[in-house]
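Student: this is a predicted model, with the sequence first.
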Amino acid sequence: MHSKDITCIKELEKLGGVPNEEDWKKISTFLPFLKIFYNATLKLSGSRYVTGDSYVPEIYGIGWTISSFLTHEDDYKHGGKYEVET
């Protein structure tokens, strides 16, 4: 396992190094946003027969979140809400 870590670190160093504390803070602001896609994927892939009743609200919710993110980008960067009710 350690040799895989060294290989990964060497590859990251080609691109500017491993993530630092500031990088992780920036990355963490996207996690709640990505969670919406994750939850929609789980919900839709867990169904044997995906119908319009199940996927339309999920797709609409994702679209609404993206639109809201683009409209209120600063709110999201500073801990705004990412949750969508479907």
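Tutor: Sure thing, it's come through. Numbering: from 1, shown residues only.

Student: what's the spacing between residue 10 and residue 18?
Tutor: Distance of residue 10 to residue 18, given as CB to CB, to the nearest Å: 10 Å. In this view, the C-beta of every residue, glycine as well, is placed from N, C-alpha and C.

Student: same check, this time on residue 30
Tutor: From residue 30 over to residue 18 the distance is 18 Å, taken as CB to CB.

Student: likewise residue 53?
Tutor: 45 Å.

Student: compare neighbour counts for these two and give me the winner.
Tutor: Higher neighbour count among residue 53 and residue 18: residue 18, with 10 against 7, using other CB atoms under 10 Å.

Student: give the other helices and strands that the strand or helix carrying residue 39 contacts.
Tutor: Using DSSP states H and E, residue 39 sits in helix 31-45. If contacts are counted by 3 or more CB pairs under 8 Å, 6 or more residues apart in numbering; DSSP states H and E, helix 31-45 sits against helix 52-71.

Student: now the helix it packs on: buried residues?
Tutor: Buried residues in helix 52-71, counted by 16 or more other CB atoms under 10 Å: 58, 61-62, 65, 68-69.

Student: just send those residues back as JSON lines, with distance to residue 25 and pLDDT too.
Tutor: What follows is the buried residues of helix 52-71, written out as JSON lines (distance: CB to CB, whole Å; pLDDT from 0 to 100):
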{"residue": "58", "distance to residue 25": "29", "pLDDT": "83"}
{"residue": "61", "distance to residue 25": "27", "pLDDT": "85"}
{"residue": "62", "distance to residue 25": "25", "pLDDT": "86"}
{"residue": "65", "distance to residue 25": "21", "pLDDT": "83"}
{"residue": "68", "distance to residue 25": "22", "pLDDT": "82"}
{"residue": "69", "distance to residue 25": "18", "pLDDT": "77"}
